[in-house]
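*Asks:* Got a predicted structure plus its sequence, pasted below:
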Amino acid sequence: MKKVFGFIMVCALALAFVACGGGKAKEEALAKAKLDSTRVADSVAMVVAVAEMNAKATADSIAAAAMAQAKADSIAALATKKKK
């Protein structure tokens, strides 16, 4: 009976150590995961911002080219009217 009681006590003590351990590691893992997800979100936001800036720059240059073409067309039309 003493051996059974001793065995149960050792198992209970081992279970207590296993059950209580690892709390800090789990918290650190959660904090690291949150930091990593924040970095990813920041990176995605940066990529989206750059893409938007590139799209705006492209649209602006297309608009500028269209305005230049329209100006050139109006100058050409005016020049042909003066020759007649």
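*Replies:* Now that the structure is in, tell me what you want to look at.
*Asks:* Return the longest helix in this protein, judged by number of residues.
*Replies:* helix 23-83 (DSSP state H).
*Asks:* Can you give the distance of it from its chain's centre?
*Replies:* 16 Å (C-alpha atoms, centre = their mean, to the nearest Å).
*Asks:* Could you list the low-pLDDT ranges of the chain?
*Replies:* In the predicted model of the chain, residues 20-23, 83-84 satisfy pLDDT under 70.
*Asks:* try it again with 80
*Replies:* Within the chain, the ranges that satisfy pLDDT under 80 run 17-26, 79-84.
*Asks:* Could you count how many residues lie near Val18?
*Replies:* 9 (other C-beta atoms under 10 Å). Every C-beta, even on glycine, is put in place using the N, C-alpha and C of the backbone.
*Asks:* how far away is Met1 from Phe7?
*Replies:* Relative to Phe7, Met1 is positioned 11 Å away (C-beta to C-beta, to the nearest Å).
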